[in-house]
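In: sequence and predicted structure below; questions after.
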Amino acid sequence: MQVVKTVRIPVHYALTKRKLHILESLTARLTYGVWTWSRLFDERDLKGTNMDRARLYQLVKTETRLPGHMIQCCFDTTKWMWRSYRALHREWWRQIAEAKRSGDLKWLRKLSRREPQKPFSRGMPYKVPIWFDRQLGSIEKSKIRLCSYVARISTLRIGLKLTVPLNPAEYHLDLLSKSDLKGFQLVKREGKYYELTYNADYVGALNIGSRFLPTATTRRATVGLDRAGDEHGTEAGDPRSRKRAQLTQTRQPIWIFGRPH
């Protein structure tokens, strides 16, 4: 029998400011991509089908300037958000009808204040977690002495990945040695954690979370780590986009959650 187990592995304290800035920009751009798809879902009453994605793919790509595989991940995230909203709204209407039939005015008044809200109905105060697959990320054994494992995450530059050092305990090392990555989710929430999801032979899924210090170390303290496994330079969000710039300045913690397959 397969079970789902969630584990959080700390990100190494030597994570540099440069890498943290890249993650800030990446989460901001991805949230902007989800917001763009969500706006189209609302305006055109999309159902989340493959035809909807193919018909509007080029429009979203032109507006967000995201790589194609990230646009797909943003579409999937938006589809799940709107499916959840529509299911909750149908249940809300059912409860409203039941309260009217029973004549329970007190319960009807309460329900009227609990109508489910559309995604992004209150703007973009937080960054949205995006589901990634193997094409966008992996956890690999490290070639440096400072840490035993690193997370490799795709960036906004096609073909280049960001190397994030992890600091696993013995328990985490045992799980990592028996697991196989199926997918993970990059989440921003108060700026202290990352989390990755792994599928192992004896479990349905493992969520491997990563924690880092809010104050990143200097380059001198991490000689050889800042560029270890990285082939790219600093990336920033599009300065011409006001929404992306606002999200880039949002200081929240980042999580990476995974989903069982």
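Out: Yep, that arrived. Numbers count the residues shown, from 1 in each chain.
In: alpha carbons only for contacts and neighbour counts from here, please
Out: Fine.
In: now do the helices in this protein.
Out: For the chain, the helices defined by DSSP state H cover 17-44, 50-64, 68-102, 105-112, 170-177, 242-249.
In: out of those, which gets nearest to residue 128?
Out: helix 17-44 (5.3 Å; CA to CA).
In: buried residues, the closest one. List them.
Out: Buried residues in helix 17-44, counted by 16 or more other CA atoms under 10 Å: 17-20, 22-39, 41.
In: flag the shaky bits of the stretch 51-200 of the chain, pLDDT-wise.
Out: Scanning the stretch 51-200 of the chain for pLDDT under 70 picks out the ranges 179-183, 186-200.
In: what pairs with residue 137 across the strands?
Out: Under DSSP bridges, the beta-bridge partners of residue 137 are residue 153.
In: and it, how many neighbours?
Out: 22 (other CA atoms under 10 Å).
In: what sits against it?
Out: Listed by CA atoms under 8 Å, 6 or more residues apart in numbering, the contact partners of residue 137 are 151-154, 183-184.
In: pipe the helices of the chain into CSV and attach distance to residue 145 per row.
Out: Putting those into CSV (distance: least, CA to CA, whole Å) gives the following:
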stretch, distance to residue 145
helix 17-44, 19
helix 50-64, 39
helix 68-102, 32
helix 105-112, 58
helix 170-177, 15
helix 242-249, 32
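In: figure out which of those is closest to residue 143.
Out: Nearest of these (CA to CA): helix 170-177, 15.4 Å.
In: check the helices of the chain for me and report the most buried one.
Out: helix 17-44 (a mean of 21; mean count of other CA atoms under 10 Å).
In: which residue packs closest to residue 105, ignoring adjacent ones?
Out: residue 99 (7.3 Å; CA to CA, 6 or more residues apart in numbering).
In: mind checking how far the residue lying closest to residue 141 once chain neighbours are set aside is from residue 173?
Out: Using CA to CA, 6+ apart and skipping the chain neighbours, the partner closest in space to residue 141 is residue 149 (4.4 Å). Going from residue 149 to residue 173 by CA to CA, to the nearest Å gives 9 Å.
In: now do residue 65
Out: Computed as CA to CA, the residue 65 to residue 173 distance reads 38 Å.
In: with residue 76 instead?
Out: Applying CA to CA to residue 76 and residue 173 gives a distance of 31 Å.
In: please apply the same query to residue 68.
Out: 33 Å.
In: how does this protein divide into domains?
Out: 3-21+127-255, 34-112 (automatic domain parsing).
In: what's the span of the last one from first residue to last?
Out: Yep, that's domain 34-112 we're talking about. Domain 34-112: ends 28 Å apart by CA to CA.
In: re the thing from before, wait, doesn't the residue nearest to residue 105 sit right on residue 110?
Out: No: the pair residue 99 / residue 110 is not scored as a contact, 10.2 Å apart, by CA atoms under 8 Å.
In: number of nearby residues for the residue nearest to residue 141?
Out: Using other CA under 10 Å, residue 149 has 23 neighbouring residues.
In: list the contacts for it?
Out: With contact taken as CA under 8 Å, 6+ apart, residue 149 is in contact with 139-142, 165-168.
In: cool, residue 57 as well?
Out: By CA under 8 Å, 6+ apart, the neighbours of residue 57 are residue 71.
In: distance of it from residue 68?
Out: 9 Å.
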